[in-house]
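Q: mind looking at a prediction? Sequence and model below.
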Amino acid sequence: IGKPGSTPFGPEIRIRNAAGILAARNEAGRLEVKGKTVFKSYWCNPSLTEKSFTDGWFFTGDIAQIDDENNLIQLDREVDVIHTENGPVYSLPIEEKIHKHPAIFDACVYAGAMENNYQKPFIAVALREGYQYTPDELLTVLNELLMPSEQIYYCEIINWKDFPIGVTGKTLKRVFREQSQKQIARKEINSEPTQSLQS
């Protein structure tokens, strides 16, 4: 916004890594913003304000990175990061690849609970009309689109009307996470790969 040399109205941004220092190029970290357009505090909630601000910088709740071309890439909400045995896996890049498949009407990649207290990428999928897959078939097809570190462990095919949608129109990943925790408790998901469920 504005002409060359002018100061844009938008906020400054920075990304800090897990050590709390500025992240390097292509390094994932917490996205923070600062500027005149950023609010000063939460209404009547000083504890949340203190938790969310660091030296005037507001943590957006997003995990992001800046690539070699200065593009800001959102990887996940911090609460939605999948904490696997081999490190963090981010759901949004996986969903972006999955949505390119012609059979996919909607998909939600989320952190599935495992018995060892780690997580694996799980997916809930709504298919477009005219496409038919079993969950195991679809799991194989979708994993062919993904890198080894992104491989989906568990696939569920459900009707789109059964997706938990919040007031902003976004899928509520926490609902799927909670569901997976209950399934682990009931032994409906085990530690063997390629587990799937048809709803």
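A: Sure, I can see it. Numbers count the residues shown, from 1 in each chain.

Q: would you mind measuring from C108 to R14?
A: Distance, C108 to R14, by C-beta to C-beta, to the nearest Å: 29 Å. Quick note: C-beta positions are derived from backbone N, CA and C, even for glycine.

Q: so those two - more neighbours on which side?
A: The neighbour comparison of C108 against R14 (other C-beta atoms under 10 Å) goes to C108, with 23 against 14.

Q: so what does whatever helix or strand that one lives in touch, helix or strand wise?
A: Element membership for C108 (DSSP states H and E) is strand 104-113. Packing contacts for strand 104-113, counted by 3 or more C-beta pairs under 8 Å, 6 or more residues apart in numbering; DSSP states H and E, involve strand 82-84, helix 91-98, strand 119-127, helix 173-185.

Q: now with 6 Å?
A: helix 91-98, strand 119-127, helix 173-185 (3 or more C-beta pairs under 6 Å, 6 or more residues apart in numbering; DSSP states H and E).

Q: show me what contacts R128?
A: With contacts taken as C-beta atoms under 6 Å, 6 or more residues apart in numbering, R128 has the following neighbours: A103, F105.

Q: 10 Å instead?
A: H101, P102, A103, I104, F105, D106, W160 (C-beta atoms under 10 Å, 6 or more residues apart in numbering).

Q: gap between Y131 and H101?
A: 9 Å.

Q: which of those two has more neighbours?
A: A direct count of neighbours by other C-beta under 10 Å for Y131 and H101 places H101 higher, at 17 against 12.

Q: that one touches I123, doesn't it?
A: No. H101 sits out of contact with I123 when judged by C-beta atoms under 10 Å, with a separation of 11.5 Å.

Q: helices of this protein, start to end?
A: For the chain, applying DSSP state H gives helices covering 46-52, 91-98, 135-143, 173-185.

Q: what is the least confident helix or strand in the protein?
A: Counting by mean pLDDT, DSSP states H and E, the weakest-scoring helix or strand in the chain turns out to be strand 195-198, with a mean of 43.

Q: shared neighbours of Y131 and H101, which are they?
A: In contact with both Y131 and H101: L138, using C-beta under 10 Å, 6+ apart.
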